[in-house]
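Asks: need a 3D model of the sequence below.
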Amino acid sequence: MQFACSTYGYWPSVNNRLALITCRLHGTNPGLDAIHASRRGHARRAHMLMKQRLGSALALLFTINTCQAVDTTLLGSRLTPLGGEMAGNATGTIPPWTGGIKRPPSGYKGSGTRHVDPYAADKPLFIITHANMQHYRTRLTPGQVAMFETYPDSYRMPVYPTRRSGSAPQWVYDNTRRNAQKARLIGGGNGFVDAYGGIPFPLPEKGIQAVWNHIVRYRGHYAVRRTSEVAIKRDGSFKLNTSRQEVLFRFYDPAGSFASLDNVLFYYLSFTQCPTRMAGSAVLVHETLDQIQEPRQAWTYSARQRRVRRAPSLAYDMPIPASEGLRTADDTDMFNGSPDRYDWRLLGKREIYIPYNNYRISSPDITYRQLLQVGHLNPAYTRHELHRVWVVEGTLKPTARHVYSRRTLYLDEDSWQAAIVDQYDARGQLWRVSMAYLKNYYELPTTWSALDVFHDLQARRYHVQNLDNQEPGTSDFSQPVPSVNAFKPAALRRRSIR
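Replies: Predicted coordinates for the structure are as follows:
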């Protein structure tokens, strides 16, 4: 049975697999068997035979739609352990995957300290500009093209040699293989069951499966960081919003299981450090898996009032205050939260120039003023590479409401991290473009974003998250894992004062 074909990774249809599996299961052609029985005058037997075959087919169809009829031996052989293509492309511009970064480079001092760039000696192969953009257009997203058209004199994309640095711990690979055999969607795709500690659908057939792969990709078990976010005005001015954040990813608790999740993927806690008037305020989120069954729970703490309040609307297209209206709640992390308002289609794969191995962008040698220019980041500090991406399109359901009528996600095949997202307004016009500047956090290891940047093409402004160049350290995955009680609403006031 064929499970993968072509560079674009299309999968055979459910109907084709159903026919193949049904015939192999019974060793016969059900239609011909029934006809022969009828010709022998056994009409009743023919009728019963067709019912049996139909029952088997329906049972198999149910299994295929909810679990995955997959050949898991492909993972780690023809495919990477997370489901990407092991081989390079035909022209050699995308190399084979050989395991990614397996250990931190020499000179790295440990989690929470600055990353050493393992590819610092690389030089750009070429630079894409507005003048030569058409030559590379087939490997650009509509959002990238729009960036060149919006900022023709300043926006550039330095393209470097492709380094398939993506990697993850062996236990994540092992769990991913198990998930491939057992994971299934529930509630029309609003959630899933029987997957834990790895990618749930490494061999996706549906867009919603690929979206879930992004939502629950590996980012460690517990992370602490102090970062700033800024909304850059049209004249290039900005004010820092700095916070200390903690995230406890329950989905990747080595001692846990799917049953122990209790429908909670992670806890998120953020304490505002500046501006001064907001210092001490906090936000707590309990991120649920199936948010139709149990909506996301969020609380805010006001340091001035010393009060904890529920924040029931922190979801979907609620504007984020710190972004000055430049992005929505579900833009965070490129896409987050419940996927229920969209119909998701898996469009296959493309080779795209995406931000990758961006170590320099977080260097303490680069100030925020140097990095944050009018309209976009300073291109001199960015790095793009040619990678294969899964293309997933979400179209707003007729009965649903959202400011985005359509959004297209471009997911890195080696990590399931969204690298670029194009968002369209109610008229179907391209409105916003989100970009994640990826790198390997090799202390884990995993591919995650160094910076998330959200461009509003109509406002000609952008919002940046996770700046830490001017902080004393960076994301720390080595701190002792706290009790879940540290992420309860009752602990908000106490922890904020402390």
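Asks: does the residue most central in space within the chain sit in a helix, a strand or a coil?
Replies: The chain has residue 214 as the residue nearest its centroid, 2.9 Å off, counting by CA atoms, centre = their mean. Assigned by DSSP: H, G, I helix; E, B strand; the rest coil, the conformation of residue 214 is helix.
Asks: who are the contact partners of it?
Replies: Applying CB atoms under 8 Å, 6 or more residues apart in numbering to residue 214 gives the contacts 334, 335, 409, 411, 416, 417, 418. The way it works is simple: take the backbone N, C-alpha and C, and place the C-beta from them, glycine included.
Asks: of those - the most surrounded one?
Replies: Highest neighbour count within the contacts of residue 214: residue 418, with 30 neighbours (other CB atoms under 10 Å).
Asks: separation between it and residue 348?
Replies: Distance of residue 418 to residue 348, given as CB to CB, to the nearest Å: 16 Å.
Asks: got it, and residue 198?
Replies: Taking CB to CB, one finds residue 198 at 23 Å from residue 348.
Asks: between the two, which one's more packed in?
Replies: For residue 198 versus residue 348, the count of surrounding residues by other CB under 10 Å is larger for residue 198: 27 against 14.
Asks: is it true that that one touches residue 176?
Replies: Yes - between residue 198 and residue 176 there is a contact under CB atoms under 8 Å: 3.6 Å.
Asks: which stretches of the stretch 101-250 of the chain aren't confidently modelled?
Replies: For the stretch 101-250 of the chain, no stretch is flagged by pLDDT under 70.
Asks: just the strands from it, written as ranges.
Replies: 126-128, 157-159, 184-186, 191-193, 222-232, 241-249 (DSSP state E, counting those that start in this stretch).
Asks: now the helices for the protein?
Replies: 14-26, 30-39, 43-66, 142-150, 170-182, 207-215, 258-261, 368-371, 490-497 (DSSP state H).
Asks: and the last one, what does it pack against?
Replies: Based on contacts counted as 3 or more CB pairs under 8 Å, 6 or more residues apart in numbering; DSSP states H and E, the elements that helix 490-497 packs against are strand 264-274, strand 282-288, strand 297-302, strand 307-310.
Asks: give me the sheet partners of the second one and which way each runs.
Replies: Yep, that's strand 282-288 we're talking about. Strand pairing for strand 282-288, determined by DSSP bridges: strand 264-274 (antiparallel), strand 297-302 (antiparallel).
Asks: now the last one against helix 490-497, angle please.
Replies: Calculated by axes from the mean of the first three to the mean of the last three CA atoms, to 10 degrees, strand 297-302 forms an angle of 40 degrees with helix 490-497.
Asks: do the same with the longest one
Replies: What separates the directions of strand 264-274 and helix 490-497 is an angle of 30 degrees, with the same axes, to 10 degrees.
Asks: what residues of strand 264-274 count as buried?
Replies: 264, 265, 266, 267, 268, 269, 270, 271, 272, 273 (16 or more other CB atoms under 10 Å).
Asks: so what's the residue nearest to residue 322 when sequence neighbours are not counted bridging to?
Replies: Nearest non-adjacent residue to residue 322, counting by CB to CB, 6 or more residues apart in numbering: residue 241, 4.7 Å away. Assessed by DSSP bridges, residue 241 has beta-bridge partners residue 229.
Asks: what is the neighbour count of residue 241?
Replies: Neighbourhood size, residue 241 [other CB under 10 Å]: 20.
Asks: wait, it touches residue 229, no?
Replies: Yes - the pair residue 241 / residue 229 is scored as a contact, 5.1 Å apart, by CB under 8 Å.
Asks: what touches both of the two?
Replies: residue 322.
Asks: before we move on, the earlier item: residue 394: which of the strands of the stretch 101-250 of the chain is closest?
Replies: Taking CB to CB as the measure, those were each checked against residue 394, and strand 184-186 came out nearest at 15.5 Å.
Asks: list the buried residues for the closest one?
Replies: Neighbour-count burial for strand 184-186 [16+ other CB under 10 Å]: 184, 185.
Asks: so what does it touch, helix or strand wise?
Replies: Going by 3+ CB pairs under 8 Å, 6+ apart, strand 184-186 lies up against helix 43-66, strand 191-193, helix 207-215.
Asks: returning to what we had before: nearest to residue 353, of the strands of the stretch 101-250 of the chain?
Replies: Comparing the strands of the stretch 101-250 of the chain by CB to CB, strand 157-159 comes nearest, at 5.7 Å.
Asks: show me what that closest one is packed against.
Replies: Using 3+ CB pairs under 8 Å, 6+ apart, strand 157-159 sits against strand 126-128, strand 384-396.
Asks: need the contact partners of that strand.
Replies: 124-128, 144, 353, 379-380, 382-386.
Asks: what does stretch 281-291 give?
Replies: Contacts of stretch 281-291 (CB under 8 Å, 6+ apart): 186-187, 190-192, 261, 263-272, 294-303, 311, 314-315, 336-338, 340, 487, 489, 492, 495-496.
Asks: find the residue closest to residue 258 in space, skipping its chain neighbours.
Replies: Nearest one to residue 258, counting by CB to CB, 6+ apart, is residue 196 at 4.2 Å.
Asks: if I read this right, the one you found contacts residue 257, doesn't it?
Replies: Yes - at 5.7 Å, residue 196 and residue 257 qualify as touching, with contact defined as CB under 8 Å.
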